[in-house]
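Visitor: Sequence first, predicted coordinates after that:
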Amino acid sequence: MPEVTLTTLNKLKQTGEKIVCLTAYDATFAHLESRAGVEVILVGDSLGMVLQGNSSTVPVTIEDMVYHTRCVSRGNQGALIMADLPFMSCATVERALQASTALMQAGAHMVKLEGAGWLAETVGVLARNGIPVCAHLGLTPQAVNVLGGYKVQGREEAQAQALLDDALLLQQAGAAMLLLECVPAPLAGRISSEVRIPVIGIGAGNATDGQVLVVHDMLGLSISERMPRFVKNFMQGQPNIASAIAAYVNAVKQIEFPAAEHEF
Ligand SMILES: Nc1nc(=O)c2c([nH]1)NC[C@@H]1CN(c3ccc(C(=O)N[C@@H](CCC(=O)O)C(=O)O)cc3)CN21
Ligand SMILES: CC(C)C(=O)C(=O)O
Ligand SMILES: [Mg+2]
């Protein structure tokens, strides 16, 4: 058992203290982040972009995710490890169970799946089998080819209402956590206050229960010229990576990050 558990995260939500989440893909970063006070380490399928150099997360396989989850697990010092279920791994309940088993046996404490209310049954089956699930809503990058780009979701009233309905449905189905990506800040705040479970945001304003960023982004490392609006470079003014990560933890805890310029 890690030092940080779902109980810890639920308590943080109740007390209003922000939950800090950051991606890691290897043992060294897992070590640094967990030592710096990051509560949740996300082994994100963003590794398909920042490590593998793909232009989306679609090429990432379960084997890739298992490998990096194992690496992170070895370096982790007490954080809760959440691993992404990659593209197509939730197409059927059976596939989701198989992929999640592999991730949990590689050292994950929780899995994250992209998708809305239609995954409620999958979430329920996983939860009943002892696998905590985070449901990733809003901009779901694995669906980039359907969405037509990495765009803000939930801007129209009907879409916003559908997101809120999905959040409540997934909680009801047994989700332990939600992640909202690129949704208008007021909508993310509303969803966070209407569900009991912790809500982590990226590009979703500062009213969610926690924040996540891709570690390469917050260290100012980028292949492309343009960074998404929600990214802040925490290396600025810091002597090393450990202190940049500590600055991120502090900024999230103090609700200094994200600022208005980082939200939609
Ligand atoms: N390095 C990295 N960082 C990420 O945050 C990330 C990945 N990779 N890979 C998977 C997804 C892709 N993500 C992205 C990528 C681009 C935007 C982006 O440029 N968004 C526009 C929104 C434009 C709009 O609709 O108004 C922006 O200006 O931020 C958002 C999320 C988030 N995830
Ligand atoms: C951007 C975050 C939320 C993610 O899913 C990832 O890193 O893969
Ligand atoms: Mg992901």
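Guide: Done, it's in. Ligands and ions are numbered 1, 2, ... in the order given.
Visitor: State the distance from the nearest residue to A106 once chain neighbours are set aside to ligand 1.
Guide: For A106, the nearest residue in space outside its immediate sequence neighbours is T69; the separation is 4.1 Å by Cβ to Cβ, 6 or more residues apart in numbering. For the C-beta atoms, the positions are set from N, CA and C on the backbone; glycine is no exception. T69 sits 17 Å away from ligand 1 when distances are taken as Cβ to the nearest ligand atom, to the nearest Å.
Visitor: quick one: contacts for T69?
Guide: The neighbours of T69, taking Cβ atoms under 8 Å, 6 or more residues apart in numbering as the test, are V43, I81, A83, L103, A106, G107, A108.
Visitor: In this structure the first one contacts M110, no?
Guide: Translated: V43. No - the pair V43 / M110 is not scored as a contact, 10.4 Å apart, by Cβ atoms under 8 Å.
Visitor: out of the contacts of T69, which one sits closest to ligand 1?
Guide: Minimum distance to ligand 1 across the contacts of T69 is 13.1 Å, recorded for V43 (Cβ to the nearest ligand atom).
Visitor: Return the backbone torsion pair for that closest one.
Guide: Reported as degrees, to the nearest 10, the phi and psi values for V43 are phi -80, psi 90.
Visitor: if you count what's nearby, which of V43 and M110 comes out ahead?
Guide: Between V43 and M110, counted using other Cβ atoms under 10 Å, V43 has the larger neighbour count: 31 against 24.
Visitor: ok so, going back, and the residue nearest to A106, that one's in a strand?
Guide: No - using DSSP: H, G, I helix; E, B strand; the rest coil, the assignment for T69 is helix, not a strand.
Visitor: so how far is A24 from it?
Guide: As judged by Cβ to Cβ, to the nearest Å, T69 and A24 stand 10 Å apart.
Visitor: Need the residues touching each of the two.
Guide: For the pair T69 and A24, residues contacting each of them under the criterion Cβ under 8 Å, 6+ apart are V43.
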